[in-house]
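In: Let's see this in three dimensions:
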Amino acid sequence: MHGWLAFLLGAFIVIGVVLLFEAAYGVAIFGFDVQVLEAIAIVLFVVAGIAAWLLYSAIKAQYIRVKTGKEALIGATGTTTTDLKPTGEVRVNGEFWQATTKDAQISTGQTVQVVGMKGMFLIVKPAEEKA
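Out: The predicted structure is shown next:
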């Protein structure tokens, strides 16, 4: 798909430039008036701009990091919904999870950071406050 998009982008730009040069020198091809050639060239440049944006978005999408499963949870922050002594419940990314802490007790409402996962239990620690 990217190859075809790049080809169309290049073709539209080349055709648009050729039409603009012909319009600038007053050459009318296929009996079209100079203003019509200019309008067609402008439309081709707009379509080429849209194709360039689509190509950029498609290529950028290939390099986005996976944001599901264990990879998305580790490093995320959440809030405790129950006391963790050492197990309880936390809310991370809008979901409720059973969690355990290696530290001492963490009270309800505190911000925690996920440092690991064991089965369906999150391993959390108190989040460090940013200055």
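In: Please count neighbours and contacts with C-alpha atoms only from this point.
Out: Will do.
In: helix/strand/coil for G75?
Out: coil (DSSP: H, G, I helix; E, B strand; the rest coil).
In: After the helix or strand of the chain with the lowest mean pLDDT, which helix or strand is next?
Out: When the helices and strands of the chain are scored by mean pLDDT, DSSP states H and E, helix 69-73 comes last with a mean of 82. With elements assigned by DSSP states H and E, the helix or strand that comes after helix 69-73 is strand 77-80.
In: what comes up buried for that following strand?
Out: Using 16 or more other C-alpha atoms under 10 Å as the test for burial, strand 77-80 gives 77-80.
In: Now render these as TSV, adding pLDDT.
Out: Output for the buried residues of strand 77-80, formatted as TSV (pLDDT from 0 to 100):
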residue	pLDDT
T77	92
G78	92
T79	94
T80	94
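In: one step back: may I have the least confident helix or strand of the chain as PDB, with CA atoms only?
Out: Output in PDB follows, covering the C-alpha atoms of helix 69-73 (Å, rounded to 0.1, in the frame of the first residue of the first chain):
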ATOM      1  CA  GLY A  69      -1.400  -6.600  28.000                       C
ATOM      2  CA  LYS A  70       1.500  -6.800  30.400                       C
ATOM      3  CA  GLU A  71       3.600  -4.300  28.400                       C
ATOM      4  CA  ALA A  72       1.000  -1.500  28.900                       C
ATOM      5  CA  LEU A  73       0.500  -2.200  32.600                       C
END
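In: still on that earlier bit, output the buried residues of strand 77-80 as TSV; include the columns distance to Q105.
Out: What follows is the buried residues of strand 77-80, written out as TSV (distance: C-alpha to C-alpha, whole Å):
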residue	distance to Q105
T77	17
G78	16
T79	14
T80	11
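In: farthest-separated two in those?
Out: Spanning the widest gap among the buried residues of strand 77-80 are T77 and T80, at 10.1 Å by C-alpha to C-alpha.
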